[in-house]
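Engineer: Structural data only, the sequence is not supplied:
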């Protein structure tokens with residue numbers, strides 16, 4: 001019986017310690033801290049955009065790794081998607097536009113291919129720095145544009161058939177929301 005009483009006291013002391021830590025964290029606003037969102041662009045790959053029977057068109061896809069707590073996912077984005085992300089953020093929020101990190105240039109050196117290894121690796125590093133700075137700047141859960149860009153899409157293939165139409169559709173949706 002004495003062993004059980006001692007064990008019960010120990011459990012009560014531990015519970016009280018945990019309760020006081022929880023109350024202190026709550027008072028400091030630390031109880032609702034979410035795990036940080038960590039983004040990296042660890043690699044890139046060449047992809048083929050041609051569907052069956054169409055002319056082959058290669059492009060560079062930057063593989064993005066996103067992690068929050070124990071959940072991690074990867075997605076591929078083209079440079080044009082980074083460019084669209086940046087343009088939408090600038091258009092929707094003028095205050096944010098002034099604070100946005102610098103996006104790597106669309107332009108390449110004369111005579112250089114977009115598939116040049118040195119160019120693509122440098123661009124990958126700059127895109128990673130851009131995403132890290134962007135995630136530090138905005139709360140992703142509160143920014144639908146960034147959240148959609150980094151969204152976990154569970155092995156679904158995302159195909160843009162007509163970029164001009166898709167962009168006009170996005171602009172129309174933003175106008176309906178009063179954000180354009």
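Structural biologist: Right, received. Where do you want to start? Not measured: the values here are computed from a predicted model. Residues are numbered from 1 along each chain as shown.
Engineer: And for residue 118, the neighbour number?
Structural biologist: Residues lying near residue 118 (other Cβ atoms under 10 Å) number 9. For the C-beta atoms, the positions are set from N, CA and C on the backbone; glycine is no exception.
Engineer: Shouldn't it be within a helix?
Structural biologist: Yes - with DSSP: H, G, I helix; E, B strand; the rest coil as the criterion, residue 118 is located in a helix.
Engineer: Return the residues in contact with residue 77.
Structural biologist: Neighbour list for residue 77: 61, 62, 64, 149 [criterion: Cβ atoms under 8 Å, 6 or more residues apart in numbering].
Engineer: Could you tell me which of the residues you listed are located in strands?
Structural biologist: Residues of these located in strands (DSSP state E): 61, 62, 64.
Engineer: Save the contacts of residue 77 as TSV, and put in distance to residue 126 and neighbour count too.
Structural biologist: Below are the contacts of residue 77 laid out as TSV (distance: Cβ to Cβ, whole Å; neighbours: other Cβ atoms under 10 Å):
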residue	distance to residue 126	neighbour count
61	16	17
62	10	22
64	14	21
149	16	21
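Engineer: Closest to residue 109 out of those residues?
Structural biologist: Of all these, residue 109 sits closest to residue 62, with 19.3 Å by Cβ to Cβ.
Engineer: Just to check, that closest one is in contact with residue 127?
Structural biologist: Yes - between residue 62 and residue 127 there is a contact under Cβ atoms under 8 Å: 5.6 Å.
Engineer: Next, show the common contact partners of these two.
Structural biologist: The contact sets of residue 62 and residue 127 overlap at 41, 79, 82 (Cβ under 8 Å, 6+ apart).
Engineer: Can you spell out which helices and strands pack onto the host helix or strand of residue 83?
Structural biologist: Assigned by DSSP states H and E, residue 83 belongs to helix 79-92. Secondary-structure packing of helix 79-92 (3 or more Cβ pairs under 8 Å, 6 or more residues apart in numbering; DSSP states H and E): strand 58-68, helix 94-99, helix 117-137, helix 144-149, helix 163-176.
Engineer: Any buried residues in the longest one, and which?
Structural biologist: This points to helix 117-137. 120, 123, 124, 126, 127, 128, 130, 131, 132, 134, 135 (16 or more other Cβ atoms under 10 Å).
Engineer: next one: the second one
Structural biologist: For helix 94-99, burial by neighbour count (16+ other Cβ under 10 Å) applies to residue 96.
Engineer: Please tell me how far that helix is from the chain's geometric centre.
Structural biologist: Centre-to-centre, helix 94-99 and its host chain are 18 Å apart (Cα atoms, centre = their mean, to the nearest Å).
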